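Enquirer: Predicted model follows, preceded by the sequence.
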Amino acid sequence: MLRVQGLCVARGGIAVLEGVEFALEPGQALVLRGPNGCGKTTLLRTLAGLQPPLAGTISVPQDSLAYASHADGLKPMLTVTENLAFWAAVFGTGAAAVAAALDRMNLAPLAARPAQNLSAGQKRRLGLARMLLTGRPVWALDEPTVSLDAASVRLFADMVRAHLHGGGAAVIATHIDLGLSEATVLDLAPFRARAPDQGGRRDAFDEAFA
Amino acid sequence: MGALLIRDLRLAIRAGGGFGLGLGFFLILCVLIPLGVGPEAGRLASIAPGILWVGALLACLLSLDRIFALDWDDGSLDLLATAPLPLEAVVAMKALAHWIVTGLPLVIAAPVLGVLLHLPGGAQGWLVVSLAVGTPALSMIGAFGAALTVGLRRGGLLLSLLVLPLYVPTLIFGAEIVRRGADGMAPATPLLLLAGITLGSVALLPFAAAAALRINLR
């Protein structure tokens, strides 16, 4: 479903990870671990297609990956329902999916509230509820549990588990234990790239502007 | 695509969305010019076409940096780029939303403001036509500039410097249409050239802007 071979990713034109290899089958989750700045976000952005890899291949069926970044992409002036309805329309999943996502992330009581009046944890839950509307099998989640309380983390873990049982897969960068028995942990520290002055790679595109 | 247009229009209308910012600026400019230049009808009438078009152009420029900056700040641009919508369509829809929020009100308000500047009666219709044909180009070129500068802190200055030279042909032909209308000459030639600029920008710039966004998102 998702196969990564010899992947080298760069941030700001300098390679941060090299030789990353993993494969995900339906029903599997991969938890990315590693110290701050080791390249978890960069790896996820590369998987999502927001930036090209320096080297290596990512094979994933077209339009099958949904990405959730650090930022939730919420519009503060729109209500909770309007925010979700927009993404449902973009991904073509419909109004019934919005209601289901609201229930799933326990947001139904807040449905008519403008997003700017939500707490940080509620905003995060709303951002994660968007994943349910993408209808895509592979989720790439970047630090999904930031500012969530223990109950919401369980809610989120249940959501991911249901997604996996439905034949989906997920790549999750997180520092906490989600209690997902299906998940394998990939420590990124061994894949750290060499610095450019020690023979590490550089991105030719950014080098042109350096 | 429709959902994105509706979302952007809804955001513009709600508090803090900036709806009416361009129109307000245009209004203030056209009210202040007669006070500054003096109320002499002949002098005002001769500068009115230029003033009205410069005003429309600056009013448009005022809100350009918002086209992508807000979506960049809250992360929705990343999410839109990974959504099933092609980025070219995102750019086109955002430019269209910008035109509806900024350009269209100018087209509608222009006849009233033309009277304020003693624009001759024969030119009123041509003012509306020229703005209706020309302002879509302003929004589209502006969206391209905004895509180039997205992610830069305080990129507004750079955006203006990049976009203003590209606005010059639109300004020259737009004002020329109104001037010819005021002098009773046939405005067909500048009108066709202006329409050509608009159609060319709408056809080509979404692709250029989407390419610029892809690079800025890396």
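Expert: Arrived safely.
Enquirer: quick one: contacts for the spatially most central residue of chain A?
Expert: In chain A, the C-alpha nearest the mean C-alpha coordinate belongs to residue A:141, at 1.8 Å (Cα atoms, centre = their mean). When the contact criterion is Cβ atoms under 8 Å, 6 or more residues apart in numbering or on different chains, the partners of residue A:141 are A:44, A:68, A:128, A:131, A:170, A:171, A:172, A:173, A:174. Yep, even glycine has a C-beta here, placed from its N, CA and C like the rest.
Enquirer: what is the second one paired to in the beta sheet?
Expert: Here residue A:68 shows beta-bridge partners residue A:141, assigned using DSSP bridges.
Enquirer: Pull the contacting residues for it.
Expert: A:127, A:128, A:130, A:131, A:139, A:140, A:141, A:142, A:144, B:79 are the contacts of residue A:68 under Cβ under 8 Å, 6+ apart.
Enquirer: Apart from its neighbours in sequence, what residue is nearest the residue in chain B that chain A sits nearest to?
Expert: For chain B and chain A, the shortest gap (Cβ to the nearest Cβ) falls at residue B:75, measuring 2.6 Å. Nearest non-adjacent residue to residue B:75, counting by Cβ to Cβ, 6 or more residues apart in numbering or on different chains: residue A:71, 2.6 Å away.
Enquirer: My guess is the one you found contacts residue B:78. True?
Expert: Yes. With contact defined as Cβ atoms under 8 Å, residue A:71 reaches residue B:78; the gap is 7.4 Å.
Enquirer: In chain A, what residue spans correspond to helices?
Expert: A:40-47, A:80-91, A:95-104, A:120-134, A:150-165, A:204-207 (DSSP state H).
Enquirer: Please apply the same query to chain B.
Expert: Using DSSP H, helices in chain B cover B:2-13, B:21-37, B:41-62, B:66-73, B:76-81, B:87-98, B:104-116, B:121-149, B:156-183, B:188-217.
Enquirer: Now render the contacts of residue A:68 as CSV, adding pLDDT and distance to residue B:42.
Expert: Compiled in CSV, the contacts of residue A:68 are given as follows (pLDDT from 0 to 100; distance: Cβ to Cβ, whole Å):
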residue, pLDDT, distance to residue B:42
A:127, 91, 61
A:128, 91, 66
A:130, 92, 61
A:131, 91, 66
A:139, 92, 69
A:140, 92, 67
A:141, 92, 68
A:142, 91, 65
A:144, 89, 68
B:79, 91, 56
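Enquirer: Cross-check the contact I'm expecting between residue B:88 and residue B:208.
Expert: No. Between residue B:88 and residue B:208 there is no contact under Cβ under 8 Å: 9.5 Å.
Enquirer: of all the residues in chain B, which ones are close to chain A?
Expert: Counting by Cβ under 8 Å from any Cβ of the partner chain, the positions of chain B adjacent to chain A are B:2-4, B:7, B:10-11, B:14-17, B:71, B:74-76, B:78-85, B:217-218.
Enquirer: what number of residues lie near the residue nearest to residue B:69 when sequence neighbours are not counted?
Expert: The shortest distance from residue B:69 to any non-neighbouring residue, by Cβ to Cβ, 6+ apart, is to residue B:150 (6.4 Å). Residue B:150: 22 surrounding residues under other Cβ atoms under 10 Å in any protein chain shown.
Enquirer: Please save the CA atoms from stretch A:177-194 in CSV.
Expert: The C-alpha coordinates for stretch A:177-194 follow below in CSV (Å, rounded to 0.1, in the frame of the first residue of the first chain):
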residue,chain,number,x,y,z
ASP,A,177,2.3,5.8,23.4
LEU,A,178,-1.1,5.6,21.6
GLY,A,179,-1.8,2.0,22.8
LEU,A,180,-2.1,0.8,19.2
SER,A,181,-1.2,-2.9,19.2
GLU,A,182,-1.2,-2.8,15.3
ALA,A,183,1.6,-0.2,15.3
THR,A,184,5.2,-0.9,14.6
VAL,A,185,7.7,1.7,15.8
LEU,A,186,10.4,3.1,13.5
ASP,A,187,13.2,5.0,15.2
LEU,A,188,14.5,7.6,12.7
ALA,A,189,17.7,8.4,14.6
PRO,A,190,19.8,5.7,12.7
PHE,A,191,18.8,7.2,9.4
ARG,A,192,20.1,10.7,10.2
ALA,A,193,22.0,12.1,7.2
ARG,A,194,25.6,13.2,7.3
